[in-house]
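Engineer: Curious how this folds, go ahead:
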Amino acid sequence: MQKQNSERRFLWTVVTIFGLVVVLNYLPVLSGRIPFPRDMVVRHSAWNGEPRDQLPQLIDIAAMFYPFRALLGRAAGEGSIPLWNPYALSGAPFQANAQSAVFAPLNALYYFMPPKAAWTIILAIRLFLAAFFMTVFVRSIGGSPVGSIFAGITFGLCGFTTEWQGMSNGDSGIWLPLMCYSVHRLHQDRRLSGISIAIMAFAFAMPVLSGHPETAAHSTVAASAIALFLWCRPLRPDAPRFERRYAIGFILSAFLAVGLAAVQIIPTLEWMSQLGLGVEVEQPVLDRHQGQGFFSRDLRSDPNSAGIAIPEGAAYVGMLALLAATLAVFHRNRGYVLLLIALAGISIIVAFGIQPVRWIVVHLPLIKAMKNGRLILVADFALAALAGLGLSVIGENIATVAAAVRRRASIILTLVLIVGGVAIYRMHLATLSPVPALKSPLSSFIFLVIGFAVLMARLRGVLKDRQFAVLVCGIAGFEMLTYSFGYLGFAAPRDVFPTAPVIDFIRSQPDATPFRVAKDRVPIPHDAGMVYGFESADGYDLTTERTRTFTADLSEQREDGIMFLAEKMIAPDRRLDMLNVKYVMVTAPGQQFDLLTQQTDRFTRVFQQPGVAVFENRTVLPRFFSVPMSRIEVIPSMSDQLARLKESTFDPERSVLLSQRPVIGGPENDESVAKIEILDRWNNGYRIRTDSAGPAVVVVSQMYYPGWKASVDGLPTRVYPVDVALTGFIVPSGVHEVRLYFRPNSFLVGLAISVLSLTIVVVALRR
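Structural biologist: The predicted model follows:
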């Protein structure tokens, strides 16, 4: 009972300390500010380019992640799960894209509160959970209270978790300590209880649901390595090696974890099959210079003042933590210490491409295509855990530490001080631009010296237990908070995707007849339409092979989005019209503005403000239009279809391209076209009315993707890919009500498996 009360007091202490850390790290939130890089928005020409700071490493927050989260809120407003994204890329799968993180538990807040509030609260919870999970893990493997709390502070505010906050990498990475705790708990559970299996299943599923498959893979490998170690080398003397019960428990938990995440995994695998991208391309690694990221506190730019890539090279865990980590070799739990050293070493070797391991990695399918430089997560995790164990050696009852151990520890700390000082000096030599005092190499050196002095004072018995505990946690808090604080910046709520005259113009257009906007390059952030509520033909996201083929010669040649170029949009073919692009937004003045101004037969300037102008496309096609059955052209290959689309004789309102002849019940030579009225539309579909004297092909200005279904008066009808990448279906003669909706089988199967797995987990928790 006394032990339980002690642990309960410890947990309350942990909650209090980390609550304070969260408050201090996001202190301006209390005055109504939002942790958000507003300069990544207002640097665009729609706001006349008025940024105060340049943090290009944060562009993905403004270009993708915040818009993705805003879309969750929009879908919640109509009571639906956002399976489809109508706001970018002329329509694209949303939930199937892992980074949408539709089913991440924390993101459920977007369904209940405004995006700005949910964004802020989730960032705070994320920091708290990272620190709390780390503390629980270190405590479970023999860390003292002070060592465990220190590890939590270090990991919660380290380079990886700080640099990737607000992005899916960081959202997935915070679960690594819980994953490692879960495999340790399972190993310690002699009864193989349902709760241990459920905790592990939950922990392993969370990185996948949180949105970053690569980080989930790195975390899974690290936690599985611990599980394998525990299976091969049990920590209890009375436990057998290769214990069957533990292996069975791990396998059951793994299957349940896959089941819980199936709602994301199965749609994502289908999505990846549609991308048509190679997965065998070797990804670059960090160069040796990036290793100075373990000593650099500068996060202000990419690269930073010392030439370190941000965020990939950000690896700072604190100077005190680096010193304390070396003391872990004296911890009684030698097995875990060696394992954590191995995890840190291997992750660093792979991240920096050190031979011969690099040769092995580049010859492993799929593995070589991952950005393994981001294994910095595992390195930071292992170093923080080692630091916690190291402080545990000297953190309580220093009188019991043998004199010989103190002498060896003093020697090791002195060597680390020298090596660390040399590394910081080399970083100082590489620093070529001014840097604030608390971000400079000098500040790293000062923290190194302070940490050395405190640890040496403890070894000599100068600091008492409570003094030492308060001092090391206080120093760690100050060191890491001054490193992490304000990285995203803090903006007034009105400055988080603020309004602009051009935005007001687009939003003022009547939406009874849907239309899309195309941007020449980036006068506003890529996926801003998700935030402001208008639909775009461009966007920043991986695109399907059909989408890339259709927009070839109209945009930049890239796989991570569609970025139109005005000089290509004036091509004589009608692909831009077929995408329902009514308005083209372009920076003004400029060459592209002048170019569109000259195209008087097609583009008319309808709006202009300082920095940006909008042209109306006079030949735009509606969202739904029909083509006579007699004008179906069967062309099997996408490349040949594209060539036909680009011919001057091709009229999309008189001809439609299919890869195979459709099976229909009526005459194929009918010249009828359908009148189409949009009755309703929502995130995942449309309801329309058609009126035709004969059967006709309805073409939807929307990118085709498996999972689109249609029904005519309640009876299902087939949906086809038409005109390379658009969506089409056939309607019979007469007046009919048609529902076109996105409900992929991959989602339904994944959802069923996840619900079943969740039911099993709940039952296991109650046993």
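Engineer: Do a quick rundown of the helices in the stretch 351-500 of the chain.
Structural biologist: Here the stretch 351-500 of the chain has its helices, by DSSP state H, counting those that start in this stretch, at 357-361, 376-395, 403-430, 441-459, 465-484.
Engineer: To L579, which of those helices lies closest?
Structural biologist: helix 376-395 (39.2 Å; C-beta to C-beta). Yep, even glycine has a C-beta here, placed from its N, CA and C like the rest.
Engineer: next one: that closest one to chain centre, how far?
Structural biologist: 26 Å (C-alpha atoms, centre = their mean, to the nearest Å).
Engineer: Tell me which residues touch the closest residue to G611 other than its chain neighbours, please.
Structural biologist: Once flanking residues are discounted, G611 sits nearest to S45: 3.9 Å by C-beta to C-beta, 6 or more residues apart in numbering. S45 is in contact with 523, 587-588, 611-612, counting by C-beta atoms under 8 Å, 6 or more residues apart in numbering.
Engineer: What of L71?
Structural biologist: 82, 85, 87, 94, 100, 530.
Engineer: and K709, how many neighbours does it have?
Structural biologist: By other C-beta atoms under 10 Å, the residues close to K709 number 17.
Engineer: So which of the helices of the stretch 351-500 of the chain is the most surrounded?
Structural biologist: helix 376-395 (a mean of 28; mean count of other C-beta atoms under 10 Å).
Engineer: Give me the helix or strand of this protein that scores worst on average pLDDT.
Structural biologist: Every helix and strand of the chain was ranked by mean pLDDT, DSSP states H and E. The lowest is helix 357-361, at a mean of 84.
Engineer: what helices or strands is that helix leaning on?
Structural biologist: Other helices and strands packing on helix 357-361, by 3 or more C-beta pairs under 8 Å, 6 or more residues apart in numbering; DSSP states H and E, are helix 334-351.
Engineer: Would you list the phi and psi of the residue nearest to G611?
Structural biologist: phi -70, psi -20 (degrees, to the nearest 10).
Engineer: Check it and give its pLDDT.
Structural biologist: Note for S45: predicted pLDDT of 90.
Engineer: Roughly how far does it sit from R38?
Structural biologist: From S45 across to R38, the span is 16 Å (C-beta to C-beta, to the nearest Å).
Engineer: what do you get for L320?
Structural biologist: For L320, the distance to R38 - C-beta to C-beta - is 33 Å.
Engineer: Where does the prediction get shaky in the stretch 1-150 of the chain?
Structural biologist: 1-4, 49-54 (pLDDT under 70).
Engineer: domains in this structure, as residue ranges please.
Structural biologist: The chain is divided into the following domains under automatic domain parsing: 2-24+130-485, 500-617, 624-748.
Engineer: Save the ones you listed as JSON lines, and put in distance to Y111 too.
Structural biologist: Supplementary listing: those in JSON lines, determined by distance: least, C-beta to C-beta, whole Å:
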{"stretch": "domain 2-24+130-485", "distance to Y111": "15"}
{"stretch": "domain 500-617", "distance to Y111": "16"}
{"stretch": "domain 624-748", "distance to Y111": "13"}
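Engineer: nearest residue to the residue nearest in space to the middle of the chain other than its sequence neighbours?
Structural biologist: Closest residue to the average C-alpha location of the chain: S168 at 2.1 Å, with C-alpha atoms, centre = their mean. Nearest residue to S168 in three dimensions, chain neighbours excluded: G211, at 3.3 Å (C-beta to C-beta, 6+ apart).
Engineer: mind checking the SS state of that neighbour?
Structural biologist: coil (DSSP: H, G, I helix; E, B strand; the rest coil).
Engineer: same deal with P311?
Structural biologist: coil.
Engineer: Identify the residues contacting it.
Structural biologist: With C-beta under 8 Å, 6+ apart, P311 has these contacts: 57, 159-160, 163-164, 302.
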